[in-house]
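> Here you go, sequence then predicted model.
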Amino acid sequence: MSQYFEVHPDNPQPRLLKQAAQILHAGGIAAVPTDSSYALVCHLDDKAAAESLRRIRSVDDKHHLTLLCRDLSELASYARVDNRQYRLLKLATPGPFTFLLEATKEVPRRVSHPSRRTVGLRVPDHRVTQALLEILGQPLLATTLIAPGETHPMNDPNAIRTRFQKVLQAVVDAGACPAEPTTVIDLTAQEPRLVREGRGDAARLGLMPMS
């Protein structure tokens, strides 16, 4: 059964987030709010937790998992970023964008794409998630909370608890989120490439919408 933490969306209670952080440190899986939708998260260095995360989402090891980072300085520890890429990242972070970048050796091999050594990274613009990352002191491994067999992300914490309470160890309820995934941008090639249109406005980065 998952523990349920009701937190204030603008001023989250540190005591409750510390309890959620302890669950993640112990190998638990949690549902947390972000600026796009709710996400499933686990500890970056826990292989068993990462495998559980994939099982809950029903995705294989070819599915990109994302690192949720506090800021760009933390992001740079896990991805190789040149000046051109950094300028684009600065325009879009924090915000509902996921960037595909070349992974550094700091990223566990199970997290990066198996054939390309790329990793998805993002800096969420959500006070609760940011406060949780601050308490943890490192990124979280994450994936958009889309239930198996569904196509749209979940944004109602009560519905998440009802559906996943037997497989999640924690649900952090900060109210409803936008029910739209992040915009995904591939920065590994010479020119940025829009992979998926989502909540983030690609025009901010000078990219044309997908037709």
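Received it, and whenever you're ready, just let me know what you need. Residues are numbered from 1 along each chain as shown.

> so where's this protein uncertain?
Along the chain, segments meeting pLDDT under 70 span 109-116, 210-211.

> Helices of that one, start to end?
Assigned by DSSP state H, the chain shows helices spanning 14-25, 47-57, 72-75, 83-92, 127-136, 157-164.

> tilt between the second one and helix 157-164?
With axes from the mean of the first three to the mean of the last three Cα atoms, to 10 degrees as the criterion, the two stretches helix 47-57 and helix 157-164 enclose an angle of 100 degrees.

> Determine the set of other helices and strands touching helix 47-57.
Contacts defined by 3 or more Cβ pairs under 8 Å, 6 or more residues apart in numbering; DSSP states H and E place helix 47-57 against strand 39-43, strand 140-144. Where you see a C-beta, it was placed from the backbone N, CA and C, and this is true even at glycine.

> who's in contact with the last one?
Yep, that's strand 140-144 we're talking about. Contacts to strand 140-144, defined as Cβ atoms under 8 Å, 6 or more residues apart in numbering, come from residues 24, 32, 34, 36-37, 39-44, 49-50, 53-54, 57, 59, 63, 65-68, 111, 132-133, 153, 181-182.

> if we can go back for a sec, tabulate the helices and strands packed on helix 47-57 (CSV), appending distance to residue 14 and mean neighbour count.
Shown next, in CSV, are these (distance: least, Cβ to Cβ, whole Å; neighbours: other Cβ atoms under 10 Å):
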stretch, distance to residue 14, mean neighbour count
strand 39-43, 18, 27
strand 140-144, 17, 23
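
> Now those strands in a markdown table, please, with extra columns for distance to residue 91.
Below are the helices and strands packed on helix 47-57 laid out as a markdown table (distance: least, Cβ to Cβ, whole Å):
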| stretch | distance to residue 91 |
| --- | --- |
| strand 39-43 | 22 |
| strand 140-144 | 22 |
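
> Indicate which one of the ones you listed is closest to residue 125.
Comparison of these against residue 125 by Cβ to Cβ identifies strand 39-43 as nearest, at 13.3 Å.

> quick check: angle from the longest strand along the chain to strand 140-144?
Secondary structure of the chain per DSSP state E: the longest strand is strand 97-103. Between strand 97-103 and strand 140-144, the angle comes out at 130 degrees (the same axes, to 10 degrees).

> Spit out the contact partners of the nearest residue to residue 181 once chain neighbours are set aside.
Distance criterion Cβ to Cβ, 6 or more residues apart in numbering; nearest residue to residue 181, sequence neighbours excluded, is residue 198 at 4.4 Å. Shown in contact with residue 198 (Cβ under 8 Å, 6+ apart): 36, 96, 180, 181, 182, 183, 184.

> Tell me what the residue nearest to the spatial centre of the chain is bridged to.
For the chain, residue 142 is the residue whose C-alpha lies nearest the centre (Cα atoms, centre = their mean; 3.9 Å). Beta bridges link residue 142 to residue 41, residue 66, judged by DSSP bridges.

> where's it relative to residue 32, distance?
According to Cβ to Cβ, to the nearest Å, residue 142 stands 8 Å off from residue 32.

> can you check residue 23 too?
Taken as Cβ to Cβ, the span from residue 23 to residue 32 is 11 Å.

> swap in residue 120?
With the distance defined as Cβ to Cβ, residue 120 ends up 16 Å from residue 32.

> ditto for residue 162
Applying Cβ to Cβ, the value for residue 162 to residue 32 is 17 Å.
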